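1. sequence plus the predicted model coming up.
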Amino acid sequence: MAKSGAMRLGNIIRRLGTAPDLQPKCDLYPKEYFGPSQQQIDKLRSEHIPPVSKDYYKKPLLISQGHMQWLFDHEGKRYLDLFAGIVTVSVGHCHPRVNAALHQQIDTLWHTTSIYRHPKLYEYIVKLTATLPNHLNVVYLVNSGSEANDLAALLARGFSGNHDIISLQCSYHGYSSALMGLTATQSYRYPLPVPAGYYHTMLPDPYRGIWGGCRDSISQVPGACSCPGDCVTSDKYIHQLSELLENSIPKGRVAGLFAESIQGVNGAVQFPKGYLKKAKDLIKKYGGVYIADEVQSGFGRTGDTYWGFEGHGVTPDIVTMAKGIGNGFPMAAVVTTKEIAAAHNKAAYFNTFGGNPLAATVGKAVLKVIEEEKLQENCKVVGKYFIEQLMELQKVYPMIGDIRGKGLMLGLELVRPGTKEPLASELVANVLENAKDLGVLLGRGGRWANVIRIKPPMCVNSKDIDFAISVMNEALKTVSQNIR
């Protein structure tokens, strides 16, 4: 298998090379660009955009158009998008069926609020809840992942009567001032006191965790165990969670546990098999609820299941979702049980834009495309092919310390060869820059920003993957020559 995989990788690279004219074909020719020049954009950015908003590349891209898995810059150059607007473009840029539904609704009704009823909201929530376990049948429609998680924290506290909430180290759940304590990634923690009541338990990371472990992926950490069921290390990480509950939180006062099914911003970190189910059971024992943050891992992206939590064999009390829910349209949702929603009646609630006719129409169209174009199955098949090729690249480049994930939610952690020392930030940036110049856009994340994040539109195909592997090979080769 390894030998045939290496031969296939070599064949892909020899056949495709890295020339832009060898990109897979695209049936769209970009429109001529008439907007501000790159120089004008640079000036406007320096004058009006806050400096905390940084450029991703040394030579920034000016994107003018998108089509399915492709983006075009202002000069008409085409790029294979493997980051999907930070895991947001689920069914493809400007998908014609989503566009058509939105255009029709624009000419009918743009906006009304929950003080009136409109049919699109109800059509949408019926279709959305049909993808979830039966007891998760009450839907709040909101506008962003941060807003969804903020509301979920409120619901957990209101229902449990408790205040303290736990998340995992290195997690990212949003950037609002109320959620600053929930997010446990230091680079996103503004240096001011955060609201009380947030705690972070040890991250059960098979690659960097002290006990290792095996995960639900065809790629495992070298030397990892291969447990037939739950990983033996899961109990050790659960013990750390129980120690937090027993020592740092007032007895019986935990409101809930937030957890992504696969950590997104942290670079597709998966947990040892069985951890999440045991963590949920423990939190319930202490009086809290389990909130599944599906902002990045939902809507079929992981391939085997529609929702990431299903891959863990666990059922949440609250699910938050955003990003891919609208294929780039600003919308999000919180789905929970009738019992938890009933506790929200302790105060009034109102959301001006959540579930407006445009958002509901887009959301419904996205669900239909995922189902009818079998994009979950595509994530499973193409994602497996992708990770297999990445594993072959790992054999060539020791700087790839870990490959992880499933479906089309993958990560490559780059390290100094022979160690787990994170690769220097400049070298990681060079990998992304080289790939961009050759026509492939990659993401970046992880605690040390040394993880290449691969989360493309779910419509990518094997020819796209072949091209991406060819480009990544060239990008890694150039950088590896500069590692001393």
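-> Cool, got the structure. Residues are numbered from 1 along each chain as shown.

2. helices of the stretch 251-400 of the chain, start to end?
-> 275-285, 338-342, 357-372, 375-396 (DSSP state H, counting those that start in this stretch).

3. what's the closest of the ones you listed to Glu123?
-> helix 357-372 (5.8 Å; CB to CB). No exception for glycine: its C-beta is placed from N, CA and C like everyone else's.

4. residue ranges in this protein under the pLDDT threshold?
-> In the predicted model of the chain, residues 1-21 satisfy pLDDT under 70.

5. domain map for it?
-> Following automatic domain parsing, one gets these domains for the chain: 2-95+375-480, 109-372.

6. okay, the helices of the stretch 251-400 of the chain, which one's buried deepest?
-> Across these, averaging neighbours per residue (mean count of other CB atoms under 10 Å) puts helix 357-372 on top, at a mean of 22.

7. burial count for Lys236?
-> Neighbour count for Lys236, taken as other CB atoms under 10 Å: 18.

8. how about it, secondary structure?
-> Using DSSP: H, G, I helix; E, B strand; the rest coil, the structure places Lys236 in helix.

9. now it: closest residue in space that isn't a chain neighbour?
-> Setting aside the residues directly before and after it, Lys236 is nearest to Trp211 in space (CB to CB, 6 or more residues apart in numbering), at 4.8 Å.

10. how about the secondary structure of Thr183?
-> Three-state call for Thr183 (three-state DSSP): coil.

11. buried ones in stretch 197-213?
-> By neighbour count on 16 or more other CB atoms under 10 Å, the buried set for stretch 197-213 is 197-209, 211-213.

12. of the residues you listed, which belong to strands?
-> Those of the buried residues of stretch 197-213 mapping onto strands are Tyr198, Tyr199, His200, Thr201, per DSSP state E.

13. turn the residues you listed into CSV, columns for distance to Leu427.
-> Formatted as CSV, those follow (distance: CB to CB, whole Å):
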residue, distance to Leu427
Tyr198, 34
Tyr199, 35
His200, 29
Thr201, 32
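
14. nearest approach to Lys31 belongs to which of the helices of the stretch 251-400 of the chain?
-> Closest approach to Lys31 among those (CB to CB): helix 357-372, 22.4 Å.

15. show me what that closest one is packed against.
-> helix 96-106, helix 119-129 (3 or more CB pairs under 8 Å, 6 or more residues apart in numbering; DSSP states H and E).

16. now do 10 Å
-> helix 96-106, helix 119-129, strand 138-142, strand 332-336, helix 375-396 (3 or more CB pairs under 10 Å, 6 or more residues apart in numbering; DSSP states H and E).

17. which pair of the buried residues of stretch 197-213 spans the longest distance?
-> With CB to CB as the measure, no two of the buried residues of stretch 197-213 lie farther apart than Gly197 and Gly212, at 31.7 Å.

18. ok so, going back, for the ones in strands among the buried residues of stretch 197-213, which one is nearest Ser217?
-> Thr201 (22.0 Å).

19. that closest one reaches Glu246, doesn't it?
-> No: the pair Thr201 / Glu246 is not scored as a contact, 12.0 Å apart, by CB atoms under 10 Å.
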